[in-house]
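**Student:** here is my input; please provide its structure:
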Amino acid sequence: MKNRGPTSKLRHFRKADEGQALVLTALALVVIMLMAGLGVDVGYLRYQKQQMQKAADAGALAAASALVYRSPKWKVAAVADVAANGFTATPSNGITIGAYNPPIDPPFNTAPDNLNYVEVVVSQPQPTFFMRVIGGFTTVPVTARSIASAAGSASGCIYVLDPSHFGSYTISGGARLTSACGLFIDSHNPNALVESGSGTCTKATYIGIVGSDEGSEGACFPGAQPVSDIAPFGDPLAGLQPPAVPTCPLLGPPASSPPGSCSYHRDSGFHCTQSADLHHGTYCGGITASGSNVTLTFGPGTYVLEGGGMNITGGANANGTEVTFYNTVNAADTPAYGAISITGASNTSLSAPTSGPLEGILFFQDRNLPPRYVHTVNDTISGDRNTNFVGALYFPLTNQLNYTGGSLATAYTVIVAYDLTITANSMVNDDYSTIGGISPIHSAVLVQ
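**Tutor:** Numbers count the residues shown, from 1 in each chain. Modelled structure (predicted):
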């Protein structure tokens, strides 16, 4: 009689197909569990990496934005924005935050303009769950890095800085403004943008207003419709460094003109009733020209108007390339500060430098004027369809900039003014190819 005890039954079960399937199933379950556990760890680490990358990107953009305004606190801005996104470095959590200008990684660390770039690196050891069981890895180092540039091209080319007034941007009398880039209005007034008069029109790729455009009568916006309640913004050229101001000449400014056609006195300025060639330097008392046959030709360089401003009227014209006009006043306020007034010109053509510290800047109003001139002086720059003003018109303290000008031939114009009024057809283009393809107004952009 055969033994049918438990031992023989087990041997029989071991040889059966059911036994082999049970063993294989057990092994497969173990592998599946390990893979699932590894997937959990990988998914968790990837999620943490994504969060750290968001924080690094925010930090890099914040630092680059500070560099745009030449703020020495760019590193503080980077750390603050990384922390705002959930990663604050403390001795206990292992988080490290590095901010570098120039970057430490190629290719931006050795780029010719590497000081325009900032790199932010965020690191933290992240805990594991199943990997510590499999391989003994209790933590895995996770790092995110981001590089941003402070030399990006801003989307706007018209900025109105008045934070509160009615009609801080006003266009009227049937005038049409055509802008190839954005218009930004900082006033929180519900009537910050005023468009009035039959046929009056503003056409821009973007119109952003901190307030709104309720004051517009029969408003015409054939391009982008105005966007209200945008975030307030500051002076986009606040980081621009003013030029040095040489001493006023005693006998006369550097100019060439026919005898008797021009006069100069350091208190009343340089006056011309005939054409003349001028050279860069300091013009105490400003520059004045009038008459339909008068053309002032400006050689390349920076023209410092120390009191008196610039007054070109009566059909006179001004021509010059690679020029910047810096409108200021001396410490004694003698002669008094004067406005920029270019009116009635038919063939005026002025263009800003294409390189150097004042690249792209055509008119530059001193930001440190005596208080009695702040938001009290009106400036006027106007011409007709043959007029070209290429560069930035920077009037941050002007009570009102009256602007008319621009043609299809004008490469680009940037306007930054406290208040802006358009009273005749005007065109603003954005071809920055002569200055490296980047607007004089920079913005922060991620590059890596």
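
**Student:** residue ranges with poor pLDDT in this protein?
**Tutor:** 1-20, 22-39, 41, 129-137, 215, 217-219, 250-260, 345-346 (pLDDT under 70).

**Student:** buried set for the lengthiest strand in it?
**Tutor:** When the chain is parsed with DSSP state E, its longest strand is strand 139-153. Using 16 or more other Cβ atoms under 10 Å as the test for burial, strand 139-153 gives 142, 144-153. Quick note: C-beta positions are derived from backbone N, CA and C, even for glycine.

**Student:** next: stretch 397-409.
**Tutor:** Within stretch 397-409, the residues scored as buried using 16+ other Cβ under 10 Å are 397-407.

**Student:** ditto for stretch 296-316
**Tutor:** For stretch 296-316, by 16+ other Cβ under 10 Å, it's 296, 298-299, 301-313, 315-316.

**Student:** helices of the chain, start to end?
**Tutor:** Secondary structure of the chain (DSSP state H): helices at 6-15, 17-68, 74-84, 131-134.

**Student:** and Ile435, how many neighbours does it have?
**Tutor:** 20 (other Cβ atoms under 10 Å).

**Student:** run through the bridge partners of Leu296.
**Tutor:** Beta-bridge pairing for Leu296 (DSSP bridges): Ala276, Ala318.

**Student:** do I have it right that it meets His279?
**Tutor:** No: with contact defined as Cβ atoms under 8 Å, Leu296 does not reach His279; the gap is 11.4 Å.

**Student:** surely Asn388 meets Thr410?
**Tutor:** Yes: the criterion here is Cβ under 8 Å, and Asn388 meets it with Thr410 at 4.7 Å.

**Student:** before we move on, back to that, how far away from the center of its chain is the longest strand of the chain?
**Tutor:** 20 Å (Cα atoms, centre = their mean, to the nearest Å).

**Student:** likewise for stretch 358-367?
**Tutor:** That offset, for stretch 358-367, works out to 15 Å (Cα atoms, centre = their mean).

**Student:** in that stretch, what counts as buried?
**Tutor:** Buried-residue list, stretch 358-367, by 16+ other Cβ under 10 Å: 358-366.

**Student:** and that stretch, end to end?
**Tutor:** 15 Å (Cα to Cα, to the nearest Å).

**Student:** stretch 108-118 too?
**Tutor:** Using Cα to Cα, the end-to-end distance of stretch 108-118 comes to 9 Å.

**Student:** what does stretch 66-75 give?
**Tutor:** Note: stretch 66-75 ends 9 Å apart using Cα to Cα.

**Student:** and that stretch, which residues are buried?
**Tutor:** Of the residues in stretch 66-75, 66-69, 74-75 count as buried by neighbour count, 16+ other Cβ under 10 Å.

**Student:** which residues sit against stretch 356-371?
**Tutor:** Contacts with stretch 356-371, where a contact means Cβ atoms under 8 Å, 6 or more residues apart in numbering, come from 240-243, 302, 323-329, 333, 337, 340, 350-354, 379, 381, 389-398, 414, 432, 435, 439-440.

**Student:** repeat that with 7 Å
**Tutor:** Outside stretch 356-371, the residues that touch it by Cβ atoms under 7 Å, 6 or more residues apart in numbering are 240-243, 302, 324-329, 333, 337, 340, 350, 352-353, 389-398, 435, 440.

**Student:** end-to-end on it?
**Tutor:** When the termini of stretch 356-371 are compared using Cα to Cα, they are 30 Å apart.

**Student:** with stretch 176-185 instead?
**Tutor:** 18 Å.

**Student:** contact partners of that stretch?
**Tutor:** Here stretch 176-185 makes contact (Cβ under 7 Å, 6+ apart) with 155-160, 168-169, 171, 192-193, 201-210, 233, 422, 425-430.

**Student:** may I see the PyMOL selection of the buried members of the contacts of stretch 356-371?
**Tutor:** Applying 16+ other Cβ under 10 Å to the contacts of stretch 356-371, the buried members can be selected in PyMOL as follows:
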select buried, resi 240+242+243+302+324+325+326+327+328+329+337+340+350+352+353+389+390+391+392+393+394+395+396+397+398+435+440
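
**Student:** which ones among the contacts of stretch 356-371 are found in strands?
**Tutor:** Among the contacts of stretch 356-371, the residues falling in strands (DSSP E) are 302, 324-328, 340, 350, 389-395.

**Student:** these: which two are farthest apart?
**Tutor:** Thr328 and Val390 (22.3 Å; Cβ to Cβ).
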